[in-house]
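In: Next comes the sequence, and after it the predicted model I'd like to discuss.
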Amino acid sequence: MSDERPSLPPQRIRVRVTGPPRQVAARNRSRIGDVHEQTPLGDVYLRSLLREQLRLALSVLAVVAVTLGGLPVLFRLAPEVAELEVLGFPLPWVMLGVLAYPFLLVVGWQYVRRVERNERDFADLVEGG
């Protein structure tokens, strides 16, 4: 005995597909894919991040160079300042040997905070948030 049932013909529904609905595609699209896929738009995003990070690095370098590099120039141009003493130590030794390190720590800490903020802003931009 054969258990054959007559099969019903499949119902066919015609659907015309022209692409994803525009509102849904625009709303759900993440720009992070453009960065990962290295599209021209992703390249623009990445170059803007790199440009901002370079600008920040150069500005921090300029601050450090002017501040620490300017001290020896100050001591050379104004010898009376170089002859001052702080707690029995010459002022140039105190400024370049002691105060320079806390200054560099603060500048480095601020730099890292701003770099991380730039990266968060970039991530928010490309994730569409």
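Out: Done, it's in. The structure displayed is predicted, hence computed values, not measured ones. Numbering: from 1, shown residues only.
In: drop to CA atoms for contacts and neighbour counts, all remaining ones
Out: OK.
In: so where's the chain uncertain?
Out: 1-10, 15-38, 129 (pLDDT under 70).
In: quick one: the strands in it?
Out: Ranges of strands within the chain are 85-86, 89-90, based on DSSP state E.
In: Minimum distance to Arg114: which of these has it?
Out: strand 85-86 (34.2 Å; C-alpha to C-alpha).
In: Paired strands for the closest one, with orientation please.
Out: The strands beside strand 85-86 in its sheet (DSSP bridges) come out as strand 89-90 (antiparallel).
In: so how far is the strand it pairs with off the chain centroid?
Out: 41 Å (C-alpha atoms, centre = their mean, to the nearest Å).
In: Could you give me the buried positions within the lengthiest helix in the chain?
Out: As assigned by DSSP state H, the longest helix anywhere in the chain is helix 40-77. The neighbour-count check on helix 40-77 (16 or more other C-alpha atoms under 10 Å) flags 42, 45-46, 49, 53, 56, 60, 64, 68, 71 as buried.
In: which other residues reach stretch 46-55?
Out: 35, 115, 118-119, 122 (C-alpha atoms under 8 Å, 6 or more residues apart in numbering).
In: how about 10 Å then?
Out: Residues outside stretch 46-55 that contact it (C-alpha atoms under 10 Å, 6 or more residues apart in numbering) are 34-36, 38, 40-45, 56-61, 111, 114-116, 118-119, 121-123, 126.
In: How about stretch 62-81?
Out: For stretch 62-81, the surrounding residues in contact (C-alpha under 10 Å, 6+ apart) are 56-61, 82-83, 90-92, 95-96, 100, 103-104, 107-108.
In: same thing but 6 Å
Out: Under the contact criterion C-alpha atoms under 6 Å, 6 or more residues apart in numbering, stretch 62-81 has outside partners Ala82.
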